[in-house]
Each structure stands twice: as C-alpha cells, then as structure tokens.
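Undergrad: Fold the following and give me the result.
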Amino acid sequence: MFTGIVEELGRLQSSTRTGATTRLRFAADVVTAQMSVGDSVAVNGCCLTVVAHDRCSFAVDAIDETLARTNLGQLEPDDGVNLERPLALGGRLGGHLVQGHVDGTGVVTERAPHLAVEVPAGLGRYLVEKGSITVDGCSLTLASVRPGSVRIEIIPHTARSTTLGRKGPGELVNVEVDVVAKYVEQLLRAGAPSPYVHSEGAP
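TA: From the prediction side, this is the model:
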C-alpha cells in the first residue's frame, strides 16, 4: 500500500527483454536505502517487485500485461519516473490510500499547472470534484470533473519534483482511482444486507 507522495524522481537506465518479461533498471538514490530483493516499489504508480539493486539503482521485471496497461512500456532510457516505497505501518498517510494497481492510462491534454487529462472509459463514475486520484503515482485532488476528462491544479513543488511538470499534450499517464469508491460501488451493486444491522432494522 502506498500514499501517492512521491519520494524521488528517478530515471530509466535500461530496458532488457528476458524471456517472457522485460527487466527495467532505474537510477535512484532515495528509495534504494535499506532496499531488499522482494520489496515493493511504485514506479509511476505501478507496484512492482525489486529483483536486484545496489546503492544507486534497482531492477524490476515487468510482464507484457503490465507494459500494455501502463505507460511503462513507452519509457525510453533517461526518461524520468516517480518513485515511492510502501507505507510503513504507523507512518503518516500524507496522500490517500493507493494500491499501486493502475486502472488505465489517461492522455494529457493540457500541461501543468492546469493539468488536464482524458481518463479511460468507465473510470468517470469513480471521480468526484475535490476527490482523490492518482496520476503517475502522485496523490492529487480533482479540481473539476467533466465527462471523459479531469482537471488538476499542480503546485510548483509537485511540478518540479515529479514527472507531471514535464508531461505535454498527447503523453500517457497512469491513472488509479480511489479504491474506496470501488468498494462502495460493489457493496451497492450486491444489495446484500449488512451483518452489522439487527433484523428489526436498528443498529
């Protein structure tokens, strides 16, 4: 579980096809501290498993499904990526609960600071004005929501410290909607009675 508070702007060093997977190696200084093989790390909001590391870099293996459903498959050497380690138990939840499970890729239509993104079909029902969204691993607040698109006001610190200050029209961004909205939808759709309500209807 992550919070969407990016710790470091890393960069892709290499991409190597190995059998059925692609090994991605990223340059990083912050997230590699006390890193171990098997740890999770969010790369542009996508939760991946560390398979090798040293003090200044780490590697992950990505399957074709991951590359097809995120913008990781379009990365070129030296491209920047947003990096975050998982939330430590008892740590501060500075953003919102982020799973690192990308729901789809959106398309930037306007640059930061007035970042506008076309969102994938089917995700609009989970988005509300002043609600939370994760874009390339950044926890952000929705300034406005329109059919098929959202607008997010990006502060200068976020623009400097993440990939969002570099994204231009036509570029892809990874989008994860608030998991709470998904659970609420599922419960409402099921229509099942709550086990926490007595049969006579009183809590």
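
Undergrad: What are the buried residues along the longest strand seen in the chain?
TA: For the chain, the strand with the greatest residue count under DSSP state E is strand 8-18. Residues of strand 8-18 classed as buried by neighbour count (16 or more other CB atoms under 10 Å): 8-10, 12-13, 15. Using the backbone N, CA and C atoms, a C-beta is placed for each residue, glycine as well.

Undergrad: neighbouring contacts of the longest helix along the chain?
TA: When the chain is parsed with DSSP state H, its longest helix is helix 179-190. Residues outside helix 179-190 that contact it (CB atoms under 8 Å, 6 or more residues apart in numbering) are 97, 99, 125-126, 128, 131.

Undergrad: which residue packs closest to the residue most central in space within the chain, ignoring adjacent ones?
TA: Nearest residue to the geometric centre of the chain (CA atoms, centre = their mean): G45, 2.4 Å. Closest residue to G45 apart from its sequence neighbours, by CB to CB, 6 or more residues apart in numbering: G137 at 3.3 Å.

Undergrad: average pLDDT across stretch 46-64?
TA: Stretch 46-64 comes out with an average pLDDT of 97.

Undergrad: Any of the contacts of helix 179-190 buried? List them.
TA: The buried subset of these - by 16+ other CB under 10 Å - is 97, 126, 131.

Undergrad: From these, pick the one nearest P113.
TA: Nearest to P113 among the buried ones among the contacts of helix 179-190, counting by CB to CB, is G131 at 19.4 Å.

Undergrad: nearest spatial neighbour of the closest one, skipping sequence neighbours?
TA: Using CB to CB, 6+ apart and skipping the chain neighbours, the partner closest in space to G131 is L142 (5.3 Å).

Undergrad: pLDDT score for the one you found?
TA: 96.

Undergrad: To what extent is it buried, counted in neighbours?
TA: Using other CB atoms under 10 Å, L142 has 17 other residues around it.

Undergrad: The one 10 residues further on now?
TA: The number of residues packed near I152 is 20, by other CB under 10 Å.

Undergrad: List the neighbouring strands of the helix or strand containing it plus their orientation.
TA: Taking DSSP states H and E as the definition, one finds I152 inside strand 149-153. Here strand 149-153 is paired, per DSSP bridges, with strand 114-118 (antiparallel), strand 144-146 (antiparallel).
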